[in-house]
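Chemist: Show me the folded form of this:
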Amino acid sequence: MRGSSESAFSIATLEAFGAALFVAAGMDGDKARSVARLLVLTDAMGRRTHGLAMAPLYLAEIAKGGMRVQGEPETVRDTGLTAVWDGGYLPGLWLMERALDVAMARAAAHGLAAIAIRRTHHIGCLAALVKQAADRGFVAQVYNSDPAGRRVAPYGGTEAVFTPNPFAIGYPGAEHPVLVDICASITTTSMTRQTYAAGEQFAHPWLLDAQGVPTRDPAVLEHTEPRGSIQLVGGQEYGHKGYGLALMVEALSQGLSGHGRLDAPTRWGGNVFLQVTDPDFFAGRDAFAAQMDHLSDRCRSNRPIRADRPVRLPGDQAAAGLAQAEADGLRLDDATWQQLAACAERLGVALPEAS
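Modeler: Residues are numbered from 1 along each chain as shown. Next up, the predicted model:
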């Protein structure tokens, strides 16, 4: 029986379906499988805004030429420990998987490696990316910005300059990796669009209107002119903290790649800085595990504010979601299913079989 939004699908089934959509749109098979695999992993980890819900947007980008579907990144510079790639707007998830493989091999030989990438396409959920290295015993950091996007104003300003500028670190843990995935702004572009589309307001004044007045209304960013902006981490009182984080991310992802806002790009994409570290070249993996697992235990055993909400570590919820998805399959929300079904019909791809 063909599935529906009420159906549960195995991870493998959704990966194959996603890959088939991208191949039908002209993407190389290895790229399509990589993108689909990481999108489905993201869904399984519970980050639904960046899972298969992104596939229709990627397919629209392919159709209009915004995402390249064939070819290889250009190596701008390579010193062995560091490299700069020009991704040429190839699929960002595939580029990141390629970069992670290269960086892990180099880190295993030399202790650490870093790759700056200019002109990637969208790289999805950063937690799903750093997990690839943390699962293999490495410490990975990813910093991402889009020099074509402007959604966040500098602290004290009213005109958007930055994107939310996410960054992540993943490191191995006793039961599963610890995955920290945050950004320089209080909320994100995806959440703002989702809230606006639902006709809702944010729970708190996380946005600024064009005059710099705090507001809960996502319309200031999605509908009104002149546009407002997303508040930085720290808000009106301590937004200098988020401002500093935004600058840090742009220095690493744009400054080190030699491409950024100065070049005034207009295509949806991004710049990335990736660093992978092997703990064996420092105090050793056993020492790293002893220190960080002790800290994890101290956090989880901390007396909670609410007895029914124990303290968690970043990555706990993702690990639980992944285990459940592997056991019971994944269900897609109605809006995502309808969009994917429309894409499948247009591209001549069969809908997946329910598990």
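Chemist: what packs against the helix or strand harbouring residue 194?
Modeler: In the assignment (DSSP states H and E), residue 194 maps to helix 189-197. Applying 3 or more C-beta pairs under 8 Å, 6 or more residues apart in numbering; DSSP states H and E, one finds that helix 189-197 contacts helix 219-222. From N, CA and C alone the C-beta is placed, and that goes for glycine too.
Chemist: CA-only coordinates of the helix it packs on in PDB, if you can.
Modeler: Provided in PDB are the C-alpha atoms of helix 219-222 (Å, rounded to 0.1, in the frame of the first residue of the first chain):
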ATOM      1  CA  ALA A 219       4.900  39.800   9.800                       C
ATOM      2  CA  VAL A 220       7.600  42.400  10.400                       C
ATOM      3  CA  LEU A 221      10.100  40.100   8.800                       C
ATOM      4  CA  GLU A 222       7.800  38.300   6.300                       C
END
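Chemist: ok so, going back, I'd like the next helix or strand past the helix holding residue 194.
Modeler: Going down the chain from helix 189-197, the next helix or strand is strand 207-208, by DSSP H and E.
Chemist: For that next one, which strands pair with it and how are they oriented?
Modeler: Paired strands of strand 207-208, with direction, are strand 214-215 (antiparallel), strand 229-230 (antiparallel) (DSSP bridges).
Chemist: Just tell me which of these ends up closest to residue 115.
Modeler: strand 229-230 (28.1 Å; C-beta to C-beta).
Chemist: quick one: the closest one to chain centroid distance?
Modeler: 19 Å (C-alpha atoms, centre = their mean, to the nearest Å).
Chemist: what does that strand contact?
Modeler: If you take C-beta atoms under 8 Å, 6 or more residues apart in numbering as the criterion, strand 229-230 is touched by 151-153, 158-160, 164, 185-189, 192, 206-208, 221.
Chemist: hmm, try it at 7 Å
Modeler: With contact meaning C-beta atoms under 7 Å, 6 or more residues apart in numbering, strand 229-230 is reached by 151-153, 160, 164, 185-187, 192, 206-208, 221.
Chemist: so can I have CSV of those residues showing neighbour count, pLDDT and distance to residue 26?
Modeler: CSV is the format used below for the contacts of strand 229-230 (neighbours: other C-beta atoms under 10 Å; pLDDT from 0 to 100; distance: C-beta to C-beta, whole Å):
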residue, neighbour count, pLDDT, distance to residue 26
151, 22, 96, 30
152, 31, 97, 34
153, 24, 97, 38
160, 20, 96, 34
164, 27, 97, 30
185, 28, 97, 34
186, 21, 96, 38
187, 20, 94, 34
192, 22, 92, 31
206, 20, 96, 39
207, 28, 97, 38
208, 25, 96, 41
221, 25, 92, 33
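Chemist: circling back to that earlier point, out of the strands paired with strand 207-208, deepest packed?
Modeler: Using mean count of other C-beta atoms under 10 Å, the stretch among those with the largest mean neighbour count is strand 229-230, at a mean of 26.
Chemist: what does the helix or strand just after that one contact?
Modeler: The helix or strand immediately downstream of strand 229-230 is helix 235-250, counting by DSSP H and E. Identification of contacts with helix 235-250 by C-beta under 7 Å, 6+ apart yields 143, 145, 152, 154-155, 162, 165, 167, 184-186, 214, 231-234, 260.
Chemist: Now the least confident helix or strand in the chain by mean pLDDT - C-alpha only, CSV.
Modeler: Across the helices and strands of the chain, mean confidence by mean pLDDT, DSSP states H and E is lowest for helix 189-197: a mean of 89. Provided in CSV are the C-alpha atoms of helix 189-197 (Å, rounded to 0.1, in the frame of the first residue of the first chain):
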residue,chain,number,x,y,z
THR,A,189,14.4,32.1,9.7
SER,A,190,12.6,28.8,9.4
MET,A,191,10.7,29.3,12.7
THR,A,192,9.8,32.9,11.7
ARG,A,193,8.4,31.7,8.3
GLN,A,194,6.6,28.8,10.0
THR,A,195,5.0,31.0,12.6
TYR,A,196,3.9,33.5,10.0
ALA,A,197,2.4,30.9,7.7
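Chemist: Work out the gap between it and the centre of the chain.
Modeler: Relative to its chain's centre, helix 189-197 lies at 16 Å (C-alpha atoms, centre = their mean).
Chemist: quick revisit: among the contacts of helix 235-250, which ones are buried?
Modeler: The neighbour count (16 or more other C-beta atoms under 10 Å) marks 143, 145, 152, 154-155, 162, 165, 167, 184-186, 231-234, 260 as buried among the contacts of helix 235-250.
Chemist: Which ones among these lie within helices?
Modeler: Using DSSP state H, no member of these falls in helices.
Chemist: ok, so of those residues, who is nearest residue 88?
Modeler: The nearest member of the buried ones among the contacts of helix 235-250 to residue 88, counting by C-beta to C-beta, is residue 260 at 16.1 Å.
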